[in-house]
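Undergrad: Model the following, please.
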Amino acid sequence: MASMAERFKGPTVFVRWNDMFTCRPPDIRSWKIHKFHFTGTSLRSRVLATIRFPRPLQTTIRLHDGGSAGVPGVSSTLIVLNSEFIKSLVLGYSEDSRRFSIPGDELSIVLPNLTLPELTSITLNTDSIDSIVMSQFLARHKHIKSFEYYHSNRGADAIIAHALPHLTRIRSREPENLIHLLDIFKASPNLTNFGFDFDRSTFEKIAAQNVLLQRLRLRIEDIQLELHLPVGDMLPLDEHECTVVRSLTGVVAVKMDVPSGVVIQDMFPWLRLLPRLGGVEFGTLETPAGVDARRRFIQEVKAALSIEVVVPWWTGPEPI
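TA: Numbers count the residues shown, from 1 in each chain. Sure thing, here's the model as predicted:
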């Protein structure tokens, strides 16, 4: 790979599972790919410094019909490691790895040359990718099942509407952005899972969530809500919110990511209002001590919500 990359001027763009970064061709000789060691240090343990593309990013050329077009003004090498195994890709800042990917304007050069045949999940963390480039990238990846967007409203507005036949899940932090995604992917026939940060700490946040929920109640298929709950108090339910939640006849399942079991209990009044709720899945860092305590907590959730399906996933260590 190093010999191939050194044939060309400019940076090397390296793509692997859930990750994309730039490097210098000579760096590749020190990689130990079988140990996930790149540039001499594990990707999992340090922040990679990205090599910026030289400017200008594009050169304008004159077309035969008198028009003009922008073309990449720099050369680079694109290396894709095991493309058949790359099922997810993060474009932009990755919260999980706490590092930056290639900047959005440079991704606009890379993406037209990248096709990943098994890609099923995209997380978009930038609003500076060219909208046409992003549209063409989505058009080449019809097997996308999950699309997450974490950036500004401006960036969500810029994504061109698409029908992805296998798309089942969309997620964004802000309810406003999820509404934009609903509009973008409204022609996707299998969309049934909707995720957002569920924060009932202020009237403003509750109002924004109510607007989103009123949109979701119009869907005719059974749906699942995927809620991330922060630490903090919840305001009491008011009459308008109760009316909105009771109208969600399509919601049959709720998946919650919560900081503690107490927060799950705080959600009981809201969850009881869902008229067709059949199952709850929740994950929490707070693990009850002992098998009996976990079993009792699950039974408490079932009894409180009058449901039979409760799926917990404890992610924290068991208390000693």
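Undergrad: Would you map the helices across the stretch 151-300 of the chain?
TA: Assigned by DSSP state H, counting those that start in this stretch, the stretch 151-300 of the chain shows helices spanning 153-158, 175-184, 203-216, 239-246, 261-266, 268-272, 291-305.
Undergrad: Now do the longest one: which elements does it pack against?
TA: Counting contacts by 3 or more CB pairs under 8 Å, 6 or more residues apart in numbering; DSSP states H and E, helix 291-305 packs against helix 261-266, helix 268-272, strand 279-284, strand 309-314. C-beta here means a position set from N, CA and C on the backbone, and glycine is covered the same way.
Undergrad: what's the distance between the second one and the middle of its chain?
TA: It refers to helix 268-272. Chain-centre distance of helix 268-272: 27 Å, with CA atoms, centre = their mean, to the nearest Å.
Undergrad: residues contacting residue 184?
TA: Residue 184 is in contact with 156, 159, 160, 161, 162, counting by CB atoms under 8 Å, 6 or more residues apart in numbering.
Undergrad: now the helices and strands packed on helix 291-305 as JSON lines including mean pLDDT and distance to residue 223?
TA: Formatted as JSON lines, the helices and strands packed on helix 291-305 follow (pLDDT from 0 to 100; distance: least, CB to CB, whole Å):
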{"stretch": "helix 261-266", "mean pLDDT": "87", "distance to residue 223": "21"}
{"stretch": "helix 268-272", "mean pLDDT": "96", "distance to residue 223": "15"}
{"stretch": "strand 279-284", "mean pLDDT": "90", "distance to residue 223": "13"}
{"stretch": "strand 309-314", "mean pLDDT": "84", "distance to residue 223": "16"}
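Undergrad: In this structure, where's the longest strand?
TA: Using DSSP state E, we find that the single longest strand of the chain is strand 251-258.
Undergrad: mean confidence score for that one?
TA: The average of the pLDDT scores along strand 251-258 is 94.
Undergrad: then it to PDB, C-alphas only?
TA: The C-alpha trace of strand 251-258 is given here as PDB (Å, rounded to 0.1, in the frame of the first residue of the first chain):
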ATOM      1  CA  VAL A 251     -46.000   3.700  19.000                       C
ATOM      2  CA  VAL A 252     -45.800   0.100  20.000                       C
ATOM      3  CA  ALA A 253     -42.200   0.000  21.400                       C
ATOM      4  CA  VAL A 254     -39.900   2.400  23.200                       C
ATOM      5  CA  LYS A 255     -36.200   2.000  23.600                       C
ATOM      6  CA  MET A 256     -34.500   4.200  26.200                       C
ATOM      7  CA  ASP A 257     -30.900   5.000  27.100                       C
ATOM      8  CA  VAL A 258     -31.100   6.300  30.700                       C
END
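Undergrad: re the thing from before, residue 175: which of the helices and strands packed on helix 291-305 is closest?
TA: helix 268-272 (15.0 Å; CB to CB).
Undergrad: Give me the contact list for that closest one.
TA: The contact list for helix 268-272 (CB under 8 Å, 6+ apart) reads 200, 237, 245, 254, 277, 280, 304, 305, 306.
Undergrad: The third one contacts residue 267, correct?
TA: What that stands for is residue 245. No: between residue 245 and residue 267 there is no contact under CB atoms under 8 Å: 11.3 Å.
Undergrad: how long is stretch 243-252 from one end to the other?
TA: One end of stretch 243-252 sits 17 Å from the other (CA to CA, to the nearest Å).
Undergrad: So for it, what gets flagged as buried?
TA: Neighbour-count burial for stretch 243-252, with 16 or more other CB atoms under 10 Å as criterion, is recorded at 244, 245, 247, 248, 250, 251, 252.
Undergrad: try stretch 282-302
TA: Buried residues in stretch 282-302, counting neighbours by 16+ other CB under 10 Å, are found at 282, 284, 287, 288, 294, 297, 298, 301.
Undergrad: That one: how far from the chain's middle?
TA: Using CA atoms, centre = their mean, the mean C-alpha position of stretch 282-302 is found 28 Å from that of the whole chain.
Undergrad: Repeat that for stretch 255-271.
TA: Its chain's average C-alpha position is 22 Å from that of stretch 255-271, according to CA atoms, centre = their mean.
Undergrad: Distance across it, terminal residue to terminal residue?
TA: 11 Å.
Undergrad: mind listing what's buried in it?
TA: 255, 256, 257, 258, 259, 261, 263, 264, 266, 267, 270, 271.
Undergrad: what bits of this protein have low per-residue confidence?
TA: 1-11, 14, 16-19, 21-25, 32-79, 81, 93-101, 152-158, 315-320 (pLDDT under 70).
Undergrad: Please report phi then psi for the residue nearest to residue 88 when sequence neighbours are not counted.
TA: Nearest residue to residue 88, sequence neighbours excluded (CB to CB, 6 or more residues apart in numbering): residue 121, at 3.8 Å. Main-chain torsions, residue 121, degrees, to the nearest 10: phi -140, psi 130.
Undergrad: re the thing from before, for residue 220, find the nearest of the helices and strands packed on helix 291-305.
TA: strand 279-284 (19.9 Å).
Undergrad: Pull up the pairing partners for the closest one, direction included.
TA: The pairing partners recorded for strand 279-284 under DSSP bridges are strand 251-258 (parallel), strand 309-314 (parallel).
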